[in-house]
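*Asks:* Here is a sequence together with a model predicted from it:
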Amino acid sequence: MSKTRSAAGTAAQATLLLIVRLVFAAILVARAWSRWQIEGIDVQLERLAQTGLPAPEVIVWGTIALEGIGGVLLAFGLLTRIVAALVATENILIIVFLRWAAGPYINDGGFEYNAALACLGIVFLAVGSSYTGLDSLIFRRTKTSDGGEDLYQPKLGSTQY
């Protein structure tokens, strides 16, 4: 069995990652909009104040900014790994500080939704935006001083992830 991946297989993988990245982005933007315009800032602040977490205003506005701006950046595949790392961290912190005691089930106020978002963040931290995002245009491969390549994004048809 050959270790090389076909260009068609790589293109199919990139297309699937694009679809998942766009859905992930849509979820984040919709969640930011909901926090800001539907639930409202006051509800968010009250909920966080009840938990005893410090600086609820900073947390609320930081969460809305991360999810809104981060979702737009993800949709374009720009700074994908950075946004993904921040979203994963945000959701892990939500699980640890706000949802763990309720258990896994979202109907009971649990963490399954946040765990799924954290896992999506980890996936895109690992793979980036593939060939379908602006990251691949902006952060092209460059030769390093030791003759190797900067591996931000693999070449089409490559077995490197």
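*Replies:* Done, it's in.
*Asks:* Centre of the chain to the helix or strand of the chain with the lowest mean pLDDT, how far?
*Replies:* Least confident helix or strand, the chain: helix 134-138 with a mean of 86, by mean pLDDT, DSSP states H and E. Relative to its parent chain, helix 134-138 has a centroid offset of 17 Å by C-alpha atoms, centre = their mean, to the nearest Å.
*Asks:* Export only the CA atoms of it, formatted as CSV.
*Replies:* Provided in CSV are the C-alpha atoms of helix 134-138 (Å, rounded to 0.1, in the frame of the first residue of the first chain):
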residue,chain,number,x,y,z
LEU,A,134,-6.9,32.3,3.4
ASP,A,135,-4.3,30.9,5.8
SER,A,136,-2.9,28.8,2.9
LEU,A,137,-2.6,31.9,0.7
ILE,A,138,-1.1,34.1,3.4
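*Asks:* Any buried residues in the host helix or strand of A26, and which?
*Replies:* A26 belongs to helix 7-33 when assigned by DSSP states H and E. By neighbour count on 16 or more other C-beta atoms under 10 Å, the buried set for helix 7-33 is 10, 14, 17-18, 21-22, 24-25, 27-29, 31-32. Every residue, glycine included, has its C-beta placed from N, CA and C.
*Asks:* ok, A32 touching L74?
*Replies:* No: contact status for A32 versus L74: not in contact, 11.9 Å apart, counting by C-beta atoms under 8 Å.
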